[in-house]
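Engineer: Only the shape, not the letters, is given here:
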């Protein structure tokens, strides 16, 4: 194992290859660790995070001080910032993961063949997961805990802006592993901020990495998807839409629109585009936009919206394709559910969309014809979160269609194998 003193004299490829080899070695005992042992480690991690809260906040203060002198956006700084409540939420999230059913060994399906063979499809760990993320230091805890629960080893590579925070959190995870007698190499944090480490991770580290999960902005995810030589669970961005149908309850639509946009503007589940049925523009548009405006949200609208609500700035084509991650929303009038579906199909990143409606036929059409990872009826897009789905936490929201889609939790971090039991059968 390389020590911190030795890292300075090692080149990046050697460092990363060593981490990959150690992760692969750790993945074997982790894959057969008992549920009780994994849950004991998770409980110890949560306890360590609570006990180390002051150290974590002190490390985060260093990161935040550096962020103030950089050109980071307000949304980025919000994701970076930790508070006592956010540190407690990390600990609570780890305990929630410990309370989940262990997916490893679960029988997904079972059937008997006419020749007497008994076949089972059984969940099994993926192996070694590489997680690359920006700004959010809480991902260190979420990703480490989720991978452990699913029996996977993980190599974490946080952003340079959150390096001190991530190191402080990782120390708590390592303490939990040690307490439970699990290999310390099961959860590793890349100790250097050099971007060359990301490039090495994307190579798969000589076959030791089974999947990569990027969590960050478009440039990071596009690089990962372009350069990775192993499978990737990813989404580019959250261009989330809300459609307010003519059958929508106005008070509900207003409350959901404000929450979906303004609760936390810097998360991928924040609404970026509001679509309002032209049939209720006279009654619904102004009250909803007034509420958004009153909450501090700027409005960019199409020509019809600007004509009806003069405070709006005229939207450009680029606005419909922009993930603002701030207090700004694009608004358009559409011709009913068909118009909403057409707009979403044209501009959505297939992350999360919501319909506000009382007409069951409209809701079913929305659910059936829109191909995004998460669809909501009469609820805020800010529920696009693994914790809110009862998964304890998530590594991210996957918008692809292979293997994992939507919140990536413990089940999504497993594969499966077949177990076939016979009584001496041979194939004719």
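Structural biologist: That came through, no problem. All of these numbers come straight from a predicted model, not from anything done at the bench. Residues are numbered from 1 along each chain as shown.
Engineer: drop to CA atoms for contacts and neighbour counts, all remaining ones
Structural biologist: OK.
Engineer: so who does residue 143 touch?
Structural biologist: Counting by Cα atoms under 8 Å, 6 or more residues apart in numbering, residue 143 touches 131, 156, 394-395.
Engineer: Relative to residue 213, how far out is it?
Structural biologist: Using Cα to Cα, to the nearest Å, residue 143 is found at 10 Å from residue 213.
Engineer: Can you tell me which of the contacts of residue 143 comes closest to residue 182?
Structural biologist: Ranked by distance to residue 182 (Cα to Cα), these are led by residue 156 at 17.5 Å.
Engineer: surely the closest one meets residue 190?
Structural biologist: Yes. Judged on Cα atoms under 8 Å, residue 156 makes contact with residue 190 at a distance of 6.1 Å.
Engineer: So for these two, which residue has more residues nearby?
Structural biologist: residue 156 (24 against 19; other Cα atoms under 10 Å).
Engineer: Help me confirm that that one is found in a strand?
Structural biologist: Yes. Under DSSP: H, G, I helix; E, B strand; the rest coil, residue 156 sits within a strand.
Engineer: contacting residues for the closest residue to residue 180 other than its chain neighbours?
Structural biologist: Once flanking residues are discounted, residue 180 sits nearest to residue 41: 4.9 Å by Cα to Cα, 6 or more residues apart in numbering. Residues near residue 41 by Cα under 8 Å, 6+ apart: 176-180, 182.
Engineer: element containing residue 41?
Structural biologist: helix 35-51 (DSSP states H and E).
Engineer: can you tell me which two in the contacts of residue 143 are farthest apart?
Structural biologist: 156 and 394 (14.3 Å).
Engineer: mind checking how far residue 66 is from residue 159?
Structural biologist: Distance from residue 66 to residue 159, by Cα to Cα: 13 Å.
Engineer: Among these two, which residue is more densely surrounded?
Structural biologist: Higher neighbour count among residue 66 and residue 159: residue 159, with 21 against 13, using other Cα under 10 Å.
Engineer: can you pull the contacts of that one?
Structural biologist: Shown in contact with residue 159 (Cα under 8 Å, 6+ apart): 132-135, 193.
Engineer: Which of the residues you listed are buried, as a ChimeraX select command?
Structural biologist: Restricted to buried positions by 16 or more other Cα atoms under 10 Å, the ChimeraX selection for the contacts of residue 159 reads:
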select :132,133,134,135
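Engineer: Overlap in contacts, residue 143 and residue 213.
Structural biologist: Common contacts of residue 143 and residue 213, defined by Cα under 8 Å, 6+ apart, comprise 131, 395.
Engineer: ok, back up a step: pull out the buried positions in the helix holding residue 41.
Structural biologist: Across helix 35-51, burial judged by 16+ other Cα under 10 Å covers 35, 37-50.
Engineer: following that helix, which helix or strand shows up next?
Structural biologist: Later in the chain than helix 35-51, the nearest helix or strand by DSSP H and E is helix 53-68.
Engineer: Can you spell out which helices and strands pack onto that next one?
Structural biologist: Packed against helix 53-68 by the contact rule (3 or more Cα pairs under 8 Å, 6 or more residues apart in numbering; DSSP states H and E) you find helix 74-80, helix 84-98, helix 163-180.
Engineer: what's the angle from it to helix 163-180?
Structural biologist: Taking axes from the mean of the first three to the mean of the last three Cα atoms, to 10 degrees, one finds helix 53-68 and helix 163-180 inclined to each other by 160 degrees.
Engineer: Run through who's touching helix 53-68.
Structural biologist: Contacts for helix 53-68 (Cα under 8 Å, 6+ apart): 49, 77, 80-84, 87, 161-165, 168-169.
Engineer: next one: stretch 294-313
Structural biologist: For stretch 294-313, the external contacting residues (Cα under 8 Å, 6+ apart) are 258, 262, 286, 289, 292-293, 314-316, 319, 327-333.
Engineer: What is the burial count for the nearest residue to residue 152 once chain neighbours are set aside?
Structural biologist: In space, and not counting its chain neighbours, residue 152 is closest to residue 127: 5.0 Å by Cα to Cα, 6+ apart. By the criterion of other Cα under 10 Å, residue 127 has 25 neighbours.
Engineer: can you tell me how far residue 127 sits from residue 367?
Structural biologist: Per Cα to Cα, residue 127 is found 34 Å from residue 367.
Engineer: what bits of the stretch 201-350 of the chain have low per-residue confidence?
Structural biologist: Along the stretch 201-350 of the chain, the parts satisfying pLDDT under 70 run over 235-236.
Engineer: hmm, try it at 80
Structural biologist: 216-218, 234-237 (pLDDT under 80).
Engineer: all strands for it, in order.
Structural biologist: With DSSP state E, counting those that start in this stretch as the criterion, the stretch 201-350 of the chain has strands at 211-215, 240-244, 271-277, 298-301, 313-314, 328-334.
Engineer: Contact partners for the nearest residue to residue 35 once chain neighbours are set aside?
Structural biologist: Spatial nearest neighbour of residue 35, excluding adjacent residues (Cα to Cα, 6+ apart): residue 102 at 6.3 Å. Counting by Cα under 8 Å, 6+ apart, residue 102 touches 35, 149-150.
Engineer: burial of residue 113, as a residue count?
Structural biologist: 8.
Engineer: Kindly report the same for residue 296.
Structural biologist: Residue 296 has 13 nearby residues by other Cα under 10 Å.
Engineer: now do residue 249
Structural biologist: By the criterion of other Cα under 10 Å, residue 249 has 15 neighbours.
Engineer: That one and residue 355 touch, don't they?
Structural biologist: No. Assessed by Cα under 8 Å, residue 249 is found out of contact with residue 355, at 11.5 Å.
Engineer: elements contacting the longest helix belonging to the chain?
Structural biologist: If you go by DSSP state H, the chain has its longest helix at helix 12-31. Judged by 3+ Cα pairs under 8 Å, 6+ apart, the packing partners of helix 12-31 are strand 128-133, strand 153-157, strand 187-189, helix 196-202.
Engineer: How about residues contacting that helix?
Structural biologist: Outside of helix 12-31, the residues within contact range by Cα under 8 Å, 6+ apart are 1-2, 7, 104, 124-125, 127-128, 148, 151-155, 182-188, 190, 196-197, 200-201, 205-206, 208-209.
Engineer: Now do the same contact list for residue 93.
Structural biologist: With Cα under 8 Å, 6+ apart, residue 93 has these contacts: 142, 387, 392-393.
Engineer: pLDDT for the residues you listed - can I get that in JSON lines?
Structural biologist: Output for those, formatted as JSON lines (pLDDT from 0 to 100):
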{"residue": "142", "pLDDT": "93"}
{"residue": "387", "pLDDT": "80"}
{"residue": "392", "pLDDT": "73"}
{"residue": "393", "pLDDT": "75"}
